[in-house]
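J.: please find the sequence and the predicted model below.
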Amino acid sequence: MARLNTSYNRLFILSSALFLAFSGTKTHSQQLPSVALVVEDNSAPEGFDFVGSYLVDSMVRIRNGKSHTITIPNTQYRVYSNGIEVRLYQSSSEGAFHSYKIYRSDGISEQDQLGNISIKPGLQARHISEDTIKQISLTQDHLTITQFPPITNTVVVTFAKRLAQRDTNR
């Protein structure tokens, strides 16, 4: 079978994410909000769409089975995607970004307090370098960054919530 064109793959992934966002799928008698993951933004890097701005809620370091919450004052990420890659720009660092390759765009599973599992529109992406593995889960409401630093038994998890567009610092 012939390899699919890269542009077609990009369009398919982006359209899949938008379909999930607009589908209004019901899960356990709750209606998901029909909000697109991609919105317009004039400051987006060429070839990328603005996904949203996310404010870090907390950071947790897990070591030896114990977690330690770390307070991160006013850290915000601007998130962009082209359907193949996700870029996270920290608001305090102009032009610098972290790049993650999308490996799954068919939704993010969540478990409620009763143990019911539901799927929310979203995607997962990862960045693997010679010394660190990072993975993100991105939904219309939340950004979770999981980091596995080198030569340690520590895992770092960062939780962020999406800001309303009027609260975004541009």
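T.: Happy to help now that I have it. Numbers count the residues shown, from 1 in each chain.
J.: where's the spatially closest residue to residue 48 that is not a sequence neighbour relative to residue 87, distance?
T.: Excluding the flanking residues, the one nearest residue 48 by C-beta to C-beta, 6 or more residues apart in numbering is residue 80, at 4.0 Å. Where C-beta positions appear, they are placed from N, C-alpha and C, glycine not excepted. Distance, residue 80 to residue 87, by C-beta to C-beta, to the nearest Å: 5 Å.
J.: shared neighbours of these two, anything?
T.: Residues touching both residue 80 and residue 87 (C-beta atoms under 8 Å, 6 or more residues apart in numbering) are 45, 48.
J.: residues contacting stretch 85-101, please?
T.: Applying C-beta under 8 Å, 6+ apart, the external contacts of stretch 85-101 come out as 45, 48, 51, 53, 75-81, 84, 102, 123, 125-127, 134-136, 138, 143, 145, 169.
J.: can you give the distance of that stretch from its chain's centre?
T.: With C-alpha atoms, centre = their mean, to the nearest Å as the basis, stretch 85-101 stands 12 Å off its chain's centre.
J.: how long is that stretch from one end to the other?
T.: Terminal residues of stretch 85-101 lie 5 Å apart, using C-alpha to C-alpha, to the nearest Å.
J.: name the residues of that stretch that are buried.
T.: Buried positions in stretch 85-101, judged by neighbour count with 16 or more other C-beta atoms under 10 Å: 85, 86, 87, 88, 89, 91, 97, 100.
J.: what helix or strand is the last one located in?
T.: Just to be clear, that refers to residue 100. Assigned by DSSP states H and E, residue 100 belongs to strand 97-104.
J.: ok, now the fifth one?
T.: Residue 89 belongs to strand 85-90 when elements are defined using DSSP H and E.
J.: what's the span of stretch 91-110, first residue to last?
T.: 28 Å.
J.: ah, wrong one, I meant stretch 44-55
T.: Per C-alpha to C-alpha, stretch 44-55 runs 18 Å from first to last residue.
J.: list the buried residues in it.
T.: Buried, per 16+ other C-beta under 10 Å, within stretch 44-55: 44, 48, 49, 50, 51, 52, 53, 54, 55.
J.: and the host helix or strand of residue 136, which strands flank it?
T.: Residue 136 belongs to strand 133-139 when assigned by DSSP H and E. Strand pairing for strand 133-139, determined by DSSP bridges: strand 122-128 (antiparallel), strand 142-148 (antiparallel).
J.: rounded mean pLDDT for the last one, please.
T.: What it means is strand 142-148. The average pLDDT within strand 142-148 is 95.
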